[in-house]
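Chemist: predicted coordinates and the sequence they were generated for:
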Amino acid sequence: MTANRPLVPQGPQLVAPPSRRLVYGSLALAWLATLLPWPGGMLWLVPDFTLVILCYWLIHAPHAAGQGLALVLGLLADAALGGLIGQQGLAYSVTAFLVVQLRRRLENFEVSGRALQLLPIFLGQQALVLLIGLAFDLPDADWRHLAAGLVAALCWLPLAHLFDRLTGWSNEMFIEPAAR
């Protein structure tokens, strides 16, 4: 770190936090995307859009999204998708906990680096849902659903770029002036 670079962004580089309307509106749209009538044969490839957007807001707006919201969204997913009540709620809560714990580290990566860092978390969330489904002998517990974790990490890239543009968040503000 050089003496010329301030510890916190200054002046025009300072980004205002996103509005709660943007946070909750994007989560509502992601929720609707999750509820779309996806083809039954390809359901194992559909990522959890709500969780991807929730993870974005857990990193960039923790004041507006937290573990309580993750639990509520997970329980709503259980009720809407007809799963075991608490299965998605537990998976969302564990995922939110991990993302909040890793938040400072994730902020130091660009979007593609964050996708790579979040890939094991998305895979772990799908594995947790699968293990709970296998433990309770649920008919929709299928190993192929782990692929949705990979697809979620791939969906992270365009969605994070979109929300970075909407909020004005950019890693360019942390690049040293001599490197620009």
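Modeler: Happy to help now that I have it.

Chemist: from now on I want contacts and neighbour counts done on CA atoms only, so please keep to that.
Modeler: OK.

Chemist: just give me how far stretch 79-89 sits from the chain centre.
Modeler: In terms of CA atoms, centre = their mean, to the nearest Å, the centre of stretch 79-89 is set 18 Å apart from its chain centre.

Chemist: same deal with stretch 151-163?
Modeler: Relative to its chain's centre, stretch 151-163 lies at 9 Å (CA atoms, centre = their mean).

Chemist: how about the CA coordinates for it, as CSV?
Modeler: Output of stretch 151-163 as CSV, limited to C-alpha atoms (Å, rounded to 0.1, in the frame of the first residue of the first chain):
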residue,chain,number,x,y,z
VAL,A,151,-24.6,-22.9,-13.0
ALA,A,152,-25.3,-20.5,-10.1
ALA,A,153,-21.6,-19.5,-10.1
LEU,A,154,-21.8,-19.0,-13.9
CYS,A,155,-25.0,-16.8,-13.4
TRP,A,156,-23.1,-14.8,-10.8
LEU,A,157,-21.0,-13.2,-13.6
PRO,A,158,-23.7,-11.4,-15.6
LEU,A,159,-25.9,-10.6,-12.6
ALA,A,160,-23.0,-9.1,-10.6
HIS,A,161,-22.0,-7.0,-13.5
LEU,A,162,-25.6,-5.8,-13.9
PHE,A,163,-25.9,-4.9,-10.2
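
Chemist: list the buried ones in it?
Modeler: With burial defined by 16 or more other CA atoms under 10 Å, the residues of stretch 151-163 counted as buried are Val151, Ala152, Ala153, Leu154, Cys155, Trp156, Leu157, Leu159, Ala160, Phe163.

Chemist: can you lay out the residues you listed as JSON lines showing secondary structure, pLDDT and distance to Asp78?
Modeler: Conversion of those to JSON lines gives the following (DSSP: H, G, I helix; E, B strand; the rest coil; pLDDT from 0 to 100; distance: CA to CA, whole Å):
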{"residue": "Val151", "secondary structure": "helix", "pLDDT": "96", "distance to Asp78": "21"}
{"residue": "Ala152", "secondary structure": "helix", "pLDDT": "96", "distance to Asp78": "19"}
{"residue": "Ala153", "secondary structure": "helix", "pLDDT": "96", "distance to Asp78": "22"}
{"residue": "Leu154", "secondary structure": "helix", "pLDDT": "96", "distance to Asp78": "24"}
{"residue": "Cys155", "secondary structure": "helix", "pLDDT": "96", "distance to Asp78": "22"}
{"residue": "Trp156", "secondary structure": "helix", "pLDDT": "96", "distance to Asp78": "23"}
{"residue": "Leu157", "secondary structure": "helix", "pLDDT": "96", "distance to Asp78": "26"}
{"residue": "Leu159", "secondary structure": "helix", "pLDDT": "96", "distance to Asp78": "24"}
{"residue": "Ala160", "secondary structure": "helix", "pLDDT": "96", "distance to Asp78": "25"}
{"residue": "Phe163", "secondary structure": "helix", "pLDDT": "94", "distance to Asp78": "26"}
